[in-house]
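In: sequence-free structure coming up:
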Ligand code: 13P
């Protein structure tokens, strides 16, 4: 089936550059990384992108004061779907907001894979994030086996329909397409594959959002300074969700510079 021609909106939406630190760093590491990045950001002129860091929950309280007033935002990597309650070890969206977070990621493949998170749970978490006043990045992505069996698009469309909060609009919701086989492997989807999947997602949003063209679509999976410019120049790519390369201030800053060129 050929897709109808949709005007790429990469130039219209402000790119989002998100750094997911995952479960890396003790306090000294987080402070050093955030401080180094703020220093690099200081020499930036007008930034035509938005940058947000997602430290482990234990580091948010330490990192947030370093980022405050720097123009770099901070967010949580996950949240519980409930506002409060007897949920040992969990963190609510309101707690993230209370720490100064403006974002939360939900449905990362590592949560889906290692914690058995379903689309319904991802949706409930994203909805909780919105309720707490946060913006959310909802992640979707197919495994290698799903891609090999030709199911990649069906998987992504099912995850999208099941995971996006009702009434998702571009001012508060972004979607990250992160093929599981490209995460932490050094393998990146080809520009053609990214363009194809992002166009599919954009088209599906017509049924899922009243502002389908305003929702930023990020790509994630082995993004680094050397490939960021090509990825963000791809139609319907409005930013990147970066794992490993966000743990080095120079490399993450170089990604931002590549995106803003
Ligand atoms: P890598 O950039 O390390 O492949 O991780 C991607 C990712 O999972 C970001 O959320």
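Out: Looks like it came in fine. What you see is a predicted model; the values in this text were computed from it and never measured.
In: hey, let's count contacts and neighbours off CA atoms from now on
Out: Will do.
In: List the buried residues of stretch 240-259.
Out: 240-247, 249-259 (16 or more other CA atoms under 10 Å).
In: ok, now stretch 58-69?
Out: So, applying 16+ other CA under 10 Å, buried residues of stretch 58-69: 59-64, 66-67.
In: closest to residue 50 among these?
Out: Set against residue 50, the nearest of these by CA to CA is residue 67 (13.1 Å).
In: mind listing which of the buried residues of stretch 240-259 are in helices?
Out: 249-259 (DSSP state H).
In: Can you list the neighbours in contact with the host helix or strand of residue 128?
Out: Element membership for residue 128 (DSSP states H and E) is helix 119-131. When contacts are defined by CA atoms under 8 Å, 6 or more residues apart in numbering, helix 119-131 is touched by residues 78-83, 93-94, 103-107, 135-138, 159, 162-166, 172.
In: What about residue 196, how many residues nearby?
Out: 17 (other CA atoms under 10 Å).
In: what's near enough to touch it?
Out: Here residue 196 is in contact with no residue (CA under 8 Å, 6+ apart).
In: Quickly note the distance from it to the ligand.
Out: 19 Å (CA to the nearest ligand atom, to the nearest Å).
In: can you confirm that residue is in a helix?
Out: Yes - Residue 196 sits within a helix when classified using DSSP: H, G, I helix; E, B strand; the rest coil.
In: just to revisit the earlier point, can you tell me which of the buried residues of stretch 58-69 are in helices?
Out: Reading helices off the buried residues of stretch 58-69 with DSSP H, I get 59-64, 66-67.
In: Pipe those residues into a markdown table and attach pLDDT and distance to residue 28 per row.
Out: A markdown table is the format used below for these (pLDDT from 0 to 100; distance: CA to CA, whole Å):
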| residue | pLDDT | distance to residue 28 |
| --- | --- | --- |
| 59 | 98 | 9 |
| 60 | 98 | 12 |
| 61 | 98 | 13 |
| 62 | 97 | 9 |
| 63 | 98 | 10 |
| 64 | 98 | 14 |
| 66 | 98 | 12 |
| 67 | 97 | 15 |
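In: and the two most separated of those residues?
Out: 59 and 67 (12.2 Å).
In: about what we covered before: now do the buried residues in the helix holding residue 128.
Out: 119-130.
In: Can you identify each of the strands in the protein by residue range?
Out: With DSSP state E as the criterion, the chain has strands at 16-20, 50-54, 72-76, 103-106, 135-140, 173-177, 216-220, 239-242.
In: Name the residues that touch the fifth one?
Out: With contact meaning CA under 8 Å, 6+ apart, strand 135-140 is reached by 102-109, 122, 126, 129-130, 156, 159-160, 163-164, 171-179.
In: and it with strand 216-220, angle?
Out: If you take axes from the mean of the first three to the mean of the last three CA atoms, to 10 degrees, strand 135-140 sits at 50 degrees to strand 216-220.
In: what's the answer for the third one, then?
Out: Using the same axes, to 10 degrees, the direction of strand 72-76 lies 80 degrees away from that of strand 216-220.
In: Please tell me how far strand 72-76 is from the chain's geometric centre.
Out: 11 Å (CA atoms, centre = their mean, to the nearest Å).
In: Mind giving me the packing neighbours of it?
Out: Secondary-structure packing of strand 72-76 (3 or more CA pairs under 8 Å, 6 or more residues apart in numbering; DSSP states H and E): strand 50-54, helix 57-67, strand 103-106.
In: same check, this time on the last one
Out: Contacts defined by 3+ CA pairs under 8 Å, 6+ apart place strand 239-242 against strand 16-20, strand 216-220, helix 225-232.
In: Give the partner strands of it in its sheet and their orientations.
Out: According to DSSP bridges, strand 239-242 forms sheet pairs with strand 16-20 (parallel), strand 216-220 (parallel).
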